[in-house]
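>>> Below are the sequence and a predicted model for it; my questions follow.
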Amino acid sequence: LFPTKFGIPTELGSVDEIAALNPSAGNGRSKAALCMVCHQIGGAGTPFGPDLTNWGQVRDVKEVIRAMVDPSAELAHGYDKPLVVTQSGHRLEGVSRGYSWHAGAIRVKTMGGVTLKVPHRRPHAKIKYLKDHSWMPSASAMGLKNQDVRDIAAFLMSDIAGEVDSGLIVKMEPKFSRGEGPGWVELTGEDFLNVNCRDDTWKWERGHAWCTGSPTGVIRYCKPLTNFEFSCEWMHKQKGGNSGVFVWATPQSVNRLMAGKGALPHGIEVQVLDLGYKEIYEAQYKKKGDWFTSHGDVFPVGPIKMKPFPPVAPNGRRSFPSKNRTKGINEWNHYYIRAIDGVVRLWVNGEEVSGGEEISPAAGYLCLESEGAPIEFKNMRLRVLPPFETKLEVDVGNPPPAPKPINMKGHVLLGKWSYAGSYTREFFADGRCILRDRDQVVWIKRVQGATKDSAILEGGYTHVLKGETLYIEDRYQAVRK
């Protein structure tokens with residue numbers, strides 16, 4: 001059972017009043033011992049609640065204070081199902097860690113940090129979920145004073161692994177980072193697994209990646225993540241290039257992609273779009289490109305819930321950037337992404353511009369996207385925040401071997417074929433086929449299979465040569481140009 005009495009309750013001021021006090025992180029270090037009854041800090045304490053080692057470093061002071069003053073106002077992801085199980089006079093308090101339907105049991109994480117499997121199908125067993133309730137006692141219930149709360153907040157927001165400055169004045173705004181400091185690690189090609197690209201789509205030299213853009217697909221970080229920060233630089237190599245970083249891609253959608261169904265996962269996309277995309281889009285589709293920008297849109301893909309930060313796109317789903325910060329092709333841009341407790345924030349070239357909150361699900365895979373144009377990524381760095389290990393309800397299988405490119409050297413289809421007025425398809429010896437509408441590239445695809453007089457492209461596009469005519473998808477007839 002959880003303790004309910006910690007001494008004489010105190011009367012606290014407002015969050016703003018507490019935040020205005022001058023903090024002492026040194027005093028906060030000693031007062032934070034109370035937190036360790038249920039939390040770990042720097043490896044010490046009880047692993048029941050969220051690990052607080054780096055928790056405060058990515059939050060502003062008011063957010064930290066609010067969590068202590070009113071812990072039931074917003075429950076952390078993974079701790080949002082507090083419950084009580086009663087059976088035959090026994091009572092167990094904790095948080096739900098899911099069901100084992102086969103065993104007829106519910107998994108309950110208890111105060112000591114131990115997860116128990118409790119049978120719930122037995123007679124007289126009752127489960128009661130507690131709405132808007134946190135097992136964490138408020139700062140008032142723990143007998144803390146205003147200054148104590150301010151000092152603990154300063155301690156949690158400091159670098160607790162190093163020396164703490166007792167006169168520390170903590171910044172009030174979220175912290176931008178280029179991936180430097182405690183906890184950050186460099187990402188290389190060994191950290192990513194192919195999902196539905198080819199083995200020649202991505203090439204690596206340590207932390208520098210070159211992506212051809214073909215086919216449309218993703219690679220994923222090797223482990224699922226809940227709370228994390230990601231920093232990278234990217235550069236488009238073609239006007240109108242498109243790419244993206246996926247946050248919390250769902251395991252179900254990743255499995256679907258590995259089975260050859262679809263191109264992109266479900267999750268939150270942080271778009272990586274060249275400045276020339278709007279011009280090309282409007283010329284090609286004869287529509288106004290007012291539903292996207294090239295400066296860092298953040299939006300849900302698939303059945304993902306997200307409340308976008310303003311300004312919001314006309315469809316109400318995209319968070320448009322508040323500032324235009326992106327540079328054009330052949331110039332490096334920097335993205336810093338924070339994904340914490342169902343909130344995603346994006347900084348473009350040093351300034352926060354877009355994001356969203358109330359995201360569900362808020363755990364999954366970090367993915368890099370290939371989408372039709374060459375792009376480079378470098379200086380990719382990741383900092384994983386508590387919980388350091390993420391267990392998803394659905395397992396992701398091992399990625400299948402990436403299909404190898406087919407050599408078309410000497411094939412009868414090599415060259416350019418014209419059809420339907422302004423369209424051409426051009427086959428290259430390295431297995432590429434480029435579809436153009438006049439001078440505009442529509443797509444680039446790879447040959448997946450070939451005979452002496454035919455070829456099939458990824459996506460099932462068939463090409464059969466009969467005499468001097470190339471029959472395309474049983475719909476078009478093309479002649480050599």
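Ah, there it is.
>>> How about the secondary structure of residue 152?
Of the three states, residue 152 takes helix under DSSP: H, G, I helix; E, B strand; the rest coil.
>>> so who does it touch?
Applying CB atoms under 8 Å, 6 or more residues apart in numbering, we find residue 152 in contact with 28, 31-32, 35, 68, 144. In short, each C-beta sits where N, CA and C put it, glycine included.
>>> what do you get for residue 213?
201, 238, 241, 243, 370-375, 444.
>>> try 7 Å
When contacts are counted by CB atoms under 7 Å, 6 or more residues apart in numbering, residue 213 touches 370-375.
>>> Please apply the same query to residue 358.
305-307, 342.
>>> min pLDDT across those, which one?
Lowest in pLDDT among these is residue 342, which has 92.
>>> Number of residues surrounding the residue nearest to that one when sequence neighbours are not counted?
In space, and not counting its chain neighbours, residue 342 is closest to residue 362: 4.0 Å by CB to CB, 6 or more residues apart in numbering. By other CB atoms under 10 Å, the residues close to residue 362 number 24.
>>> did I read that right, residue 362 in a strand?
No: counting by three-state DSSP, residue 362 falls outside a strand, being coil.
>>> which residues does it contact?
By CB under 7 Å, 6+ apart, residue 362 lies in contact with 77, 226, 248, 341-342.
>>> In strands, which of those appear?
Among the contacts of residue 362, the subset assigned to strands under DSSP state E consists of residue 248.
>>> now the helices for this structure?
15-19, 25-31, 61-69, 146-157, 251-258, 277-285 (DSSP state H).
>>> Mind telling me which of those the model trusts least?
helix 25-31 (a mean of 81).
>>> And that one, what's buried?
Within helix 25-31, the residues that count as buried by 16 or more other CB atoms under 10 Å are 25-29, 31.
>>> still on that earlier bit, which one, of the helices of the chain, ends up nearest to residue 271?
For these, the distance to residue 271 is smallest for helix 277-285, at 9.6 Å, taking CB to CB.
>>> ok, back up a step: farthest-separated two in the contacts of residue 213?
Maximum distance among these (CB to CB): 10.7 Å, for 371 and 374.
>>> Spit out the contact partners of the spatially most central residue of the chain.
Nearest residue to the geometric centre of the chain (CA atoms, centre = their mean): residue 247, 1.5 Å. Counting by CB under 7 Å, 6+ apart, residue 247 makes contact with 267-268, 270, 337, 339, 344, 366.
>>> Just the closest of the buried residues of helix 25-31 to residue 331, please.
Looking across these and measuring by CB to CB, the closest to residue 331 is residue 25, at 40.3 Å.
>>> Can you tell me the closest non-neighbouring residue to the closest one?
Nearest residue to residue 25 in three dimensions, chain neighbours excluded: residue 154, at 4.1 Å (CB to CB, 6+ apart).
>>> number of nearby residues for that neighbour?
28.
>>> I figured it hits residue 23, correct?
Yes: if you go by CB atoms under 7 Å, residue 154 and residue 23 touch, sitting 3.5 Å apart.
>>> ok so, going back, quick check: the two most widely separated of the contacts of residue 247?
Using CB to CB, the contacts of residue 247 span at most 12.4 Å, a distance reached by 267 and 337.
>>> So those two - more neighbours on which side?
A direct count of neighbours by other CB under 10 Å for residue 267 and residue 337 places residue 267 higher, at 28 against 22.
>>> Bridged to that one, which residues?
Taking DSSP bridges, one obtains residue 301 as the residues bridged to residue 267.
>>> so where's the stretch 351-481 of the chain shaky on pLDDT?
Along the stretch 351-481 of the chain, the parts satisfying pLDDT under 70 run over 400-403.
>>> Show me the strands in it, by range?
Taking DSSP state E, counting those that start in this stretch as the criterion, the stretch 351-481 of the chain contains strands spanning 351-360, 365-370, 375-385, 415-419, 423-427, 432-437, 440-451, 454-457, 461-466, 469-472, 476-480.
>>> the more surrounded of residue 371 and residue 374?
residue 371 (21 against 18).
>>> quick one, what contacts the more buried one?
Neighbour list for residue 371: 213, 216, 242-243 [criterion: CB under 7 Å, 6+ apart].
>>> Would you check how far apart it and residue 47 are?
41 Å (CB to CB, to the nearest Å).
>>> Equivalent analysis for residue 93, please.
Residue 93 is 16 Å from residue 47, by CB to CB.
>>> Residue 471 bridge partners, please.
Note on residue 471: beta-bridge partners by DSSP bridges are residue 464, residue 477.
>>> Isn't it up against residue 477?
Yes: using CB under 7 Å, residue 471 and residue 477 qualify as a contacting pair, with a distance of 6.0 Å.
>>> ok, these two, which is more surrounded?
Using other CB under 10 Å as the criterion, residue 471 and residue 477 rank with residue 471 on top: 16 against 12.
>>> where does residue 461 sit relative to residue 195, distance-wise?
Separation of residue 461 from residue 195 (CB to CB): 21 Å.
>>> With residue 343 instead?
In terms of CB to CB, residue 343 sits 25 Å off from residue 195.
>>> same thing with residue 324?
Using CB to CB, which is the criterion applied here, residue 324 is 32 Å from residue 195.
>>> Check residue 154 too.
Taking CB to CB, one finds residue 154 at 43 Å from residue 195.
>>> one step back: show me which pair in the contacts of residue 371 is furthest apart.
Comparing all pairs in the contacts of residue 371 by CB to CB, the longest separation belongs to 216 and 243, at 9.9 Å.
>>> mind showing which ranges of the stretch 51-200 of the chain have poor pLDDT?
The stretch 51-200 of the chain contains residues with pLDDT under 70 at 75-81, 87-90, 97-105, 110-125, 132-133, 135, 159-176.
>>> And the strands in it?
Under DSSP E, counting those that start in this stretch, the stretch 51-200 of the chain gives strands at 82-87, 90-100, 105-109, 115-119, 126-129, 185-186, 192-194.
>>> Using CSV, list the CA coordinates for the third one.
To tie it back to what came earlier, the one meant is strand 105-109. Only the C-alpha atoms of strand 105-109 are listed here, as CSV (Å, rounded to 0.1, in the frame of the first residue of the first chain):
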residue,chain,number,x,y,z
ALA,A,105,-4.1,-12.0,-15.0
ILE,A,106,-3.4,-8.3,-14.8
ARG,A,107,0.1,-7.0,-14.4
VAL,A,108,0.4,-4.5,-11.6
LYS,A,109,3.5,-2.4,-10.8
